[in-house]
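[1] let's see this in three dimensions:
(one chain, ligands or ions: 1)
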Amino acid sequence: MSVDFDAVIVGAGFGGMYMLHRLRDKGFTARVFEAGSGVGGTWYWNRYPGARCDVESVQYSYQFSPELEQEWEWTERYATQPEILRYANHVADRFDLRRDIRFETRIAAAVFDETANLWRVETDKGDKVAARFVITAMGCLSSPNTPKIPGLADFKGPTYHTGNWPHKDVDFTAKTVGVIGTGSSAIQSIPIMARQAKHLTVFQRTANYTVPAHNKPLDPEYVRQVKASYREMRQRARTKPAGIDFTINPASAIATPEEERRREFEARWTYGGLGFMASFSDLLLSDESNKTAADFVRSKIRDVVKDPTTAEALMPKNIIGCKRLCVDTGYWETFNRPNVTLVDISDEPIERVTASGLRAKGKDYRFDCLVLATGFDAMTGALLKVDIRGRGGVALKDKWSEGPKSYLGLTVVGFPNLFTITGPGSPSVLTNMLPSIEQHVDFIADCLETLRSKGVSVIEPVEEAQEAWVGQVGNAANITLRSTCSSWYVGANIPGKPRVFMPYIGGLPAYIAACETVVNNDYEGFALA
Ligand code: NAP
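    I've put the predicted structure just below:
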């Protein structure tokens, strides 16, 4: 069988689009397969009310093209989902990407043929293609988690999942609505749904920390300044652990006098956004320091929420920043509305969904519509839905049965010529995804070019290098408080999923340095054949 493409790319979100562009630039042939009918990945599927990015728009954008940076106009501090989707479409058109993307087509299987050194790829539409490389760009939060609550299929009204929202406007006006979940998606959508609905009932299993976004229209003068100094801003961001250009206060929270500490928290709170966790450098390293930040947020909830029982239930008890910090607009205030009820289900799971609502803690709740804001099978979910088989026909699903193991979060022993953009073992979800995606894509494109120039047809990590990297990922995780709670970072939200802290938490600069060392040492840790 002949080779159809140098590379098959799975997914046309920000990773897949840039990968296609870079490979074409270098003279490789590539075909992208995308399940949706358009580009945008996460931003194509997550159309729930209030969806917006919690990284500032001028930073959550591509940097590979200075022309694109200059011509695109972000309108708000935090871009809405529709605006980000327009941006993705603009990129697809500007770089003429669509002609190599096959939409509404899922990859069903990818099997490595050891005799021909080719990947044989099959789609759900019956396509069969052969490619030298398979590059997954499926996103880290793209496999929606529908919890196995008894009776879910019995509900007579419409059920919506935030991660797979309909492509038409869903209007909750005059409707009663039940929402399960209080993660980022819920925290963004609840205030908006509450303004529409006749009544909204929120079922909360774990109270979550959120900080105000203080979103606003972008001041044209600020945009002008950013555009004049984009390179410097991007460079500064590369030196920050999360790849986001904000200032980290090097002081320890607990070692800082109380009044000064409060001033710092207050200043960050007033500014808004994820930079709150950079108020002090040890918030995720010391329980005592963490508690100062957690207490500060809890005091804010107490100030805002009028009903003391509701306020108490909304106060998170765990470590702040252990689960992903949320960023909101008017979330706590929403619980002062007469048409919003909070049901604390932290001590007893939902009994069952019924035809007209659900039953929890011995009580029946009735509503017209059900919203599942129940998150994703993160980081490995989408990858493992595809039947990926490497050497000896071994399935990736089996290889990762005790948790994902990779070299640099990009490659896996036994799966030659397979690259996983923002895969488990890379910083990905702990960073601004756009620069992390670009760094991975550049690594892969440069690697393919090097292989071509050396006449090498197969690249695969060696076991010792992978083990050493897995060790580094684990060691980094053990240092921080972030690995200590039941979050999707450790797979705790999916029953039966192995408990492994999946992303690399050593920070983007350390990660980039590790990748550069590998390249500078002639792809150290890889076997080239
Ligand atoms: P999530 O953070 O995993 O939240 C899911 C929620 O559903 C949690 O409150 C969870 O409770 C609850 N839940 C799940 N199964 C349940 C069950 N059987 N019964 C009751 N409650 C249940 O998911 P998400 O809100 O979609 O966010 C996922 C990630 O996507 C975020 O952490 C973030 O990285 C990203 N995201 C980003 C943005 C943004 O940029 N602004 C917006 C949305 C999402 P437990 O906590 O008890 O498990």
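[2] right, is the top helix by length along the chain up against the ligand?
    As assigned by DSSP state H, the longest helix anywhere in the chain is helix 433-454. No: if you take CB under 6 Å from any ligand atom as the test, helix 433-454 misses the ligand, and the best it gets is 9.1 Å. For glycine as for every other residue, the C-beta is placed from the backbone atoms N, C-alpha and C.
[3] any idea which helix or strand comes after that helix?
    Next helix or strand after helix 433-454 toward the C-terminus (DSSP states H and E): strand 459-461.
[4] now that following strand: how far from the chain's centre is it?
    26 Å (CA atoms, centre = their mean, to the nearest Å).
[5] so what are the sheet partners of it and their directions?
    Using DSSP bridges, strand 459-461 pairs in its sheet with strand 526-528 (antiparallel).
[6] what does the strand it pairs with contact?
    407, 411, 451, 454, 456, 458, 459, 460, 461, 462, 465, 518 (CB atoms under 8 Å, 6 or more residues apart in numbering).
[7] check stretch 490-497 too.
    Stretch 490-497 is touched from outside by 145, 148, 374-375, 377-378, 380-381, 403, 483, 485-488, 498-502, with contacts defined as CB under 8 Å, 6+ apart.
[8] which of the residues in the longest helix of the chain are buried?
    Within helix 433-454, the residues that count as buried by 16 or more other CB atoms under 10 Å are 433-441, 443-445, 447-449, 451.
[9] which one of those is nearest to the ligand?
    When the buried residues of helix 433-454 are ranked by distance to the ligand (CB to the nearest ligand atom), residue 433 comes first, at 9.1 Å.
[10] that closest one: what's it in contact with?
    Contacts for residue 433 were tallied using CB under 8 Å, 6+ apart; they are 14, 55, 60, 140, 422.
[11] can we see that at 7 Å?
    Residue 433 makes contact with residue 422, according to CB atoms under 7 Å, 6 or more residues apart in numbering.
[12] what's the pLDDT at it?
    Looking at residue 433, its pLDDT is 98.
[13] what number of residues are in the vicinity of the closest residue in space to residue 275 that isn't next to it in sequence?
    Of all residues not flanking residue 275 in the chain, residue 246 sits nearest, at 4.0 Å (CB to CB, 6 or more residues apart in numbering). Counted with other CB atoms under 10 Å, residues neighbouring residue 246 total 19.
[14] do the one 10 residues further on as well
    When neighbours are defined as other CB under 10 Å, residue 256 has 18 of them.
[15] what separation is there between it and residue 264?
    For residue 256, the distance to residue 264 equals 7 Å [CB to CB, to the nearest Å].
[16] could you look up the SS state of residue 342?
    State at residue 342, reduced to three classes by DSSP: H, G, I helix; E, B strand; the rest coil: strand.
[17] name all residues that make contact with residue 271.
    By CB under 7 Å, 6+ apart, the contact list for residue 271 reads residue 214.
[18] any idea how far it is from the ligand?
    17 Å (CB to the nearest ligand atom, to the nearest Å).
[19] ok, now which ones touch residue 91?
    Shown in contact with residue 91 (CB under 7 Å, 6+ apart): 17, 62, 68.
[20] which helix or strand contains it?
    Using DSSP H and E, residue 91 falls within helix 81-94.
[21] what's the answer for residue 195, then?
    Here residue 195 is assigned to helix 184-196, by DSSP H and E.
[22] what's that helix in contact with?
    Residues from elsewhere that reach helix 184-196 (CB under 7 Å, 6+ apart): 48-52, 162-163, 171-173, 177, 179, 200, 202, 208, 210, 324, 326, 328-331, 334, 337, 339-340, 373.
[23] what sits up against whichever helix or strand comes after it?
    Next along the chain after helix 184-196, taking DSSP H and E as the criterion, comes strand 199-204. Contacts with strand 199-204, where a contact means CB under 7 Å, 6+ apart, come from 176-180, 182, 190, 193-194, 313, 339-345, 350, 360, 365, 367.
[24] what residues does this protein put near the ligand?
    53-54, 141, 147, 149, 162-163, 180-186, 188, 205-206, 324, 327, 350, 373-376, 429, 488, 493.
[25] which ones among those map onto strands?
    By the criterion of DSSP state E, membership of the residues of the chain next to the ligand in strands covers 180, 327.
[26] hmm, which of the residues of the chain next to the ligand are the buried ones?
    Listed as buried from the residues of the chain next to the ligand are 53-54, 141, 147, 149, 162-163, 180-186, 188, 205-206, 324, 327, 350, 373-376, 429, 488, 493; burial here means 16+ other CB under 10 Å.
[27] what helix or strand is residue 519 located in?
    helix 508-520.
[28] any idea of the mean pLDDT in that helix?
    Mean per-residue pLDDT for helix 508-520: 98.
[29] and the helices in the stretch 101-250 of the chain, which stretches?
    For the stretch 101-250 of the chain, the helices defined by DSSP state H, counting those that start in this stretch cover 184-196, 220-228, 230-238.
[30] and this protein, what are its domains?
    5-143+377-528, 152-372 (automatic domain parsing).
[31] pick the most deeply packed of those domains.
    The highest mean neighbour count among the domains of the chain, using mean count of other CB atoms under 10 Å, belongs to domain 5-143+377-528: a mean of 19.
[32] ends of that one, how far apart?
    For domain 5-143+377-528, the first-to-last residue distance is 20 Å (CA to CA, to the nearest Å).
[33] ok, now stretch 396-405?
    For stretch 396-405, the first-to-last residue distance is 10 Å (CA to CA).
[34] so for that stretch, mean pLDDT?
    Across stretch 396-405, the average pLDDT comes to 98.
[35] next: stretch 93-113.
    98.
[36] next one: that stretch to chain centre, how far?
    For stretch 93-113 - counting by CA atoms, centre = their mean - the centre lies 21 Å from the chain centre.
[37] same check, this time on stretch 406-422
    Distance of stretch 406-422 from the chain centroid (CA atoms, centre = their mean) equals 19 Å.
[38] then stretch 193-200?
    The answer for stretch 193-200 is 27 Å, by CA atoms, centre = their mean.
[39] nearest to the ligand: which residue in the stretch 301-450 of the chain?
    Going by CB to the nearest ligand atom, the ligand is nearest to residue 375 of the stretch 301-450 of the chain, at 2.5 Å.
[40] try the stretch 151-300 of the chain
    Counting by CB to the nearest ligand atom, the stretch 151-300 of the chain gets nearest the ligand through residue 183, at 2.2 Å.
[41] find the residue closest to that residue in space, skipping its chain neighbours.
    residue 375 (5.5 Å).
[42] tell me the pLDDT of that neighbour.
    Value for residue 375, per-residue pLDDT: 98.
[43] does it really touch residue 488, like I thought?
    Yes: judged on CB atoms under 7 Å, residue 375 makes contact with residue 488 at a distance of 6.0 Å.
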